[in-house]
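**Q** Quick one: sequence and predicted model below, then my questions.
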There are 2 protein chains.
Amino acid sequence: MNDKPQVIRDTDDDARRQARILLRGARFAAIGVLDPETGFPFVSRVLLGMDSDGAAVILVSNLSAHTTALLADPRASLLTGEPGKGDPLAHPRLTLQCTAENVERDSDTHIRLRARFLARHPKSQLYIDFPDFRFFRLRPERASLNGGFGRAYHLGSDDFLIPKINDDLFGGVDELLRELGGKHPDLGERIAMKFHNAPEGDWRITSVDAHGLELIYKDILIRHEFVTPITNLQELLLELPKSVYPVP
Amino acid sequence: MNDKPQVIRDTDDDARRQARILLRGARFAAIGVLDPETGFPFVSRVLLGMDSDGAAVILVSNLSAHTTALLADPRASLLTGEPGKGDPLAHPRLTLQCTAENVERDSDTHIRLRARFLARHPKSQLYIDFPDFRFFRLRPERASLNGGFGRAYHLGSDDFLIPKINDDLFGGVDELLRELGGKHPDLGERIAMKFHNAPEGDWRITSVDAHGLELIYKDILIRHEFVTPITNLQELLLELPKSVYPVP
């Protein structure tokens, strides 16, 4: 919420894009849950992952207060969009309200989330398999985007949903990433530098979905949203390199 | 909450000190409130001020979602302690649960909070007197300190309370600050550099209380906690310069 008088603007594609990037490009978030003992909100910090359908993902210990709270009441809120220098209220930020879904260990969902979370947060390897750790999927319900002073928008759950890609041709995203990495070892770096003004570095593409891809180098995460969503992986294999390599 | 298995440690003076600095040294915070329409938590970002008794202070627009929420239910939570580079969960952070008290315009409390908030956030001058803005005092109820992996503590409301200083001898803190500033123009800079490893700069002392003082330079805020609380301003006038100036 912006603290200057304002009205809510009509949500357009630019606002949707900004909101998605704020959620999908966040390595961590402030999470608000309902304290089951007092009914007070309880805000703490969590590492953030993302499922292939756009749901946010957290990995939490059973000993933590937010785990106890989410098991008692699945209503939660995430704040993403970290301020840099200057006025903290001038920086864009997103408030998401979401419903937590507990993920059963060794389920297909668990296996998928574990792989995606590890790719994004390699250091979580130290505790990701501890028996008292669990994943929650946080299904977006609605959101408020504050794009800076006087730029407030409301968004719905559909605005955060990522459609499934037809990946029959390639046996899945992992195989595509290997194929792309083999053919174009510096593809991630080129995308990061050309579109995101990022420094040189070993930028890895750690995940791909219909709306975009994720680039990681050291502790920096970039969410690269495509201009147009893709519908199958072959399309991506053809189009993505064209956007950053000179035409032969 | 830490996401590694842990037990809660016994709260000692070091933990209290770290928790106070995390709250009192924060320019902004994530605030969680209860959404009156849905019952979901709602987490957004606010600039933070501090009252002379240690209560957190926010300045908010009547149009913002958190204002509507706090007027309907005063239960709130603040998260402070911003991560820098590296693992976001390795950085100390504080979850405070607090009760919001609406501050009547032109009350003594309003006048005091306005002056303190302006000293800390000079740019708020642009909107601090707008008729639809209001202050809330956020009275600490309890807190969880996460001092980094495996270092979790619980704190109570008393741990955040600042006792009143006897300021009869000086006509108040403002006068003391003028006196100190006149005698020792670089006192703030010396404290910042000696005790906080801060860069050179025009560090201003913007407030003083029984537990410490606040130093501001550009967009950086440092909370300097005294080793021993003071009981009157004369003590401070004598002791504070001694800590940073060579003995003549």
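**A** Nice, I can see it.
**Q** can you confirm residue A:185 is in a helix?
**A** No: using DSSP: H, G, I helix; E, B strand; the rest coil, the secondary structure at residue A:185 is coil, not a helix.
**Q** Compute the distance between residue A:237 and chain B, please.
**A** 34 Å (C-beta to the nearest C-beta, to the nearest Å). For the C-beta atoms, the positions are set from N, CA and C on the backbone; glycine is no exception.
**Q** so which strand or helix has that residue?
**A** helix A:233-244 (DSSP states H and E).
**Q** Run the chain-centre distance for the lengthiest strand in chain A.
**A** Identified as the longest strand of chain A according to DSSP state E is strand A:133-146. Centroid separation between strand A:133-146 and its chain, computed with C-alpha atoms, centre = their mean, to the nearest Å, is 10 Å.
**Q** what lines up beside the very next helix or strand once past that strand in the sheet?
**A** Reading on from strand A:133-146 to the C-terminus, the next helix or strand found by DSSP H and E is strand A:152-156. Next to strand A:152-156 in the sheet, as set by DSSP bridges, lie strand A:8-9 (parallel), strand A:133-146 (antiparallel).
**Q** From the chain's centroid, how far away is the one helix or strand residue A:96 maps to?
**A** For residue A:96, the host element (DSSP H and E) is strand A:93-102. Centroid separation for strand A:93-102 versus its chain: 12 Å, with C-alpha atoms, centre = their mean.
**Q** Tell me, what's the model's pLDDT at residue A:42?
**A** pLDDT, residue A:42: 98.
**Q** residues near it, how many?
**A** 25 (other C-beta atoms under 10 Å in any protein chain shown).
**Q** cool, residue A:174 as well?
**A** Neighbours around residue A:174, by other C-beta under 10 Å: 14.
**Q** Now do it against residue B:187, distance only.
**A** Separation of residue A:174 from residue B:187 (C-beta to C-beta, to the nearest Å): 60 Å.
**Q** Which parts of chain A are helices?
**A** Assigned by DSSP state H, chain A shows helices spanning A:13-24, A:65-72, A:108-120, A:173-183, A:187-196, A:233-244.
**Q** Tabulate those in JSON lines, adding columns for distance to residue B:94 and mean pLDDT.
**A** As requested, those are exported to JSON lines (distance: least, C-beta to C-beta, whole Å; pLDDT from 0 to 100):
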{"stretch": "helix A:13-24", "distance to residue B:94": "24", "mean pLDDT": "96"}
{"stretch": "helix A:65-72", "distance to residue B:94": "13", "mean pLDDT": "97"}
{"stretch": "helix A:108-120", "distance to residue B:94": "26", "mean pLDDT": "95"}
{"stretch": "helix A:173-183", "distance to residue B:94": "39", "mean pLDDT": "85"}
{"stretch": "helix A:187-196", "distance to residue B:94": "33", "mean pLDDT": "95"}
{"stretch": "helix A:233-244", "distance to residue B:94": "43", "mean pLDDT": "86"}
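**Q** hmm, back to that, so of the strands paired with strand A:152-156, which one's packed in deepest?
**A** Sort those by mean neighbour count, taking mean count of other C-beta atoms under 10 Å in any protein chain shown, and strand A:133-146 sits at the top with a mean of 22.
**Q** how much does it deviate in direction from strand A:93-102?
**A** Angle, strand A:133-146 to strand A:93-102, by axes from the mean of the first three to the mean of the last three C-alpha atoms, to 10 degrees: 150 degrees.
**Q** Now do strand A:133-146, average pLDDT.
**A** 97.
**Q** That one vs helix A:108-120, what angle?
**A** 70 degrees.
**Q** Now do the strand holding residue A:96: which elements does it pack against?
**A** helix A:13-24, helix A:65-72, strand A:75-80, strand A:133-146, strand B:41-47 (3 or more C-beta pairs under 8 Å, 6 or more residues apart in numbering or on different chains; DSSP states H and E).
**Q** quick one, what contacts residue A:24?
**A** The contact partners of residue A:24, by C-beta atoms under 8 Å, 6 or more residues apart in numbering or on different chains, come to A:50, A:54, A:211-212, A:214, A:223, A:225.
**Q** Kindly present the helices of chain A as TSV, with separate columns for distance to residue B:33.
**A** Output for the helices of chain A, formatted as TSV (distance: least, C-beta to C-beta, whole Å):
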stretch	distance to residue B:33
helix A:13-24	20
helix A:65-72	15
helix A:108-120	29
helix A:173-183	38
helix A:187-196	34
helix A:233-244	41
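**Q** Quick one: closest of those to residue B:121.
**A** Comparison of those against residue B:121 by C-beta to C-beta identifies helix A:13-24 as nearest, at 23.9 Å.
**Q** any idea how far residue A:27 lies from residue A:21?
**A** Going from residue A:27 to residue A:21 by C-beta to C-beta gives 13 Å.
**Q** now residue A:189, nearest residue through space, not along the chain?
**A** Among residues not flanking residue A:189 along the chain, residue A:203 sits closest, at 4.5 Å (C-beta to C-beta, 6 or more residues apart in numbering or on different chains).
**Q** For the one you found, report the pLDDT, please.
**A** pLDDT, residue A:203: 96.
**Q** count of neighbours near it?
**A** The burial count for residue A:203: 24, using other C-beta under 10 Å.
**Q** One more: residue A:210?
**A** Neighbour tally, residue A:210, other C-beta under 10 Å: 20.
**Q** Double-check it against residue A:225; I have them as touching.
**A** No: with contact defined as C-beta atoms under 8 Å, residue A:210 does not reach residue A:225; the gap is 10.5 Å.
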